[in-house]
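Asker: please work out how this folds:
(one chain, ligands or ions: 2)
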Amino acid sequence: MSELLRIESLSVAYGAGPVVHGVSLAMGAGSVAALLGANGAGKSSTLRAIAGLEPAQGRVVFDGQDITGLDAAKRFRAGIVYVPEGRAIVTDLSVAENLTLGAYFVDSRTRAQRQQLVLDFFPEIANRLKSPAGLLSGGEQQMLAIGRALMSAPRLLLLDEPSLGLAPLLVARVYERLARIQQEQQLSALLVEQSFHAAAKLASRAWVMRHGHIVGELDAQALGSREGRQRAIDAYLGTRADAAAQALPA
Ligand SMILES: Nc1ncnc2c1ncn2[C@@H]1O[C@H](COP(=O)(O)OP(=O)(O)O)[C@@H](O)[C@H]1O
Ligand SMILES: [Mg+2]
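Answerer: Ligands and ions are numbered 1, 2, ... in the order given. Coordinates of the predicted model:
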């Protein structure tokens, strides 16, 4: 698997000081990786910095190219597409119009093809195309937000807490669709979650983040094993003083 994204010593600071401290990670093309951690751990800041939406220190390498100096628009054009938490869709626009926004600059034929693909993955929104997006349920809005991102044919999808505010059944459904998209489209995604179990099923690699630091890393095997998951949860919660050290690979 070739490397798609690598961040080196990434730090993000706001007025009150740094909230992400020298985070490094790498992921391969065609894979899903997850950044897990409690509220306030620095997950969104990390993801937004990768998208170029927060000023950051460190280096970001995308598909072998150093993109550290590129702004958010250029990173988007390079194929890095960020889906913010809280499903930032345009509630006044229809479902179809929201999808169009995701592929505004492509020709109408390509746009129609991509829309068909998105609607195949998310039939829940297929018969709501003319409805104002604000009338969709929370789960449908999340599907629309992901669908809109897919309209731009991303090379790397950055998903910020797709499970946020959704009932467990809907979380499972959204993740089931993401798994299908990953398999059928070789989607590459870095997702951020507080909800550990949903992400653990989809990701083949995960990092646990706490207070702006990576305190644990899990490979596919660890994600699939009870012990591995428990170690990560300990690191995540910081319930044991040595959890961070234990969660690191031997
Ligand atoms: N725009 C901002 N200005 C100032 N502080 C921020 C801003 N965004 C996030 N923070 C702070 O940075 C820390 C990390 O936040 P965030 O990256 O959103 O964490 P997470 O996504 O893991 O919940 C938190 O303490 C949060 O209050
Ligand atoms: Mg967040």
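
Asker: which residue packs closest to the most centrally placed residue in the chain, ignoring adjacent ones?
Answerer: The centre of the chain sits closest to Leu159, judged by CA atoms, centre = their mean, with a distance of 2.2 Å. For Leu159, ignoring the flanking residues on the chain, the nearest one in space by CB to CB, 6 or more residues apart in numbering is Leu191 at 4.0 Å. Every residue, glycine included, has its C-beta placed from N, CA and C.

Asker: confirm that that neighbour sits in a helix.
Answerer: No - assessed by DSSP: H, G, I helix; E, B strand; the rest coil, Leu191 does not belong to a helix; its assignment is strand.

Asker: pull the number of nearby residues for it.
Answerer: Here the count is done by other CB atoms under 10 Å, and Leu191 has 26 residues near it.

Asker: hang on, isn't it packed against Ala200?
Answerer: No - in this structure, Leu191 sits apart from Ala200 without contact. The criterion is CB atoms under 8 Å, and the distance is 11.0 Å.

Asker: Val194 is in contact with Ala34, isn't it?
Answerer: Actually, residue 194 is Gln rather than Val. No - between Gln194 and Ala34 there is no contact under CB under 8 Å: 10.9 Å.

Asker: more neighbours: which of these two?
Answerer: Each of Gln194 and Ala34 has its neighbours counted (other CB under 10 Å); Ala34 has more, 27 against 17.

Asker: contacts only, for that one.
Answerer: With contact set as CB atoms under 8 Å, 6 or more residues apart in numbering, Ala34 has these partners: Leu190, Leu191, Val192, Glu193, Ala199, Ala200, Leu202, Ala203, Arg205, Ala206, Trp207.

Asker: just checking, Asp63 touches Arg6?
Answerer: No - with contacts defined as CB under 8 Å, Asp63 does not count as touching Arg6, sitting 9.8 Å away.
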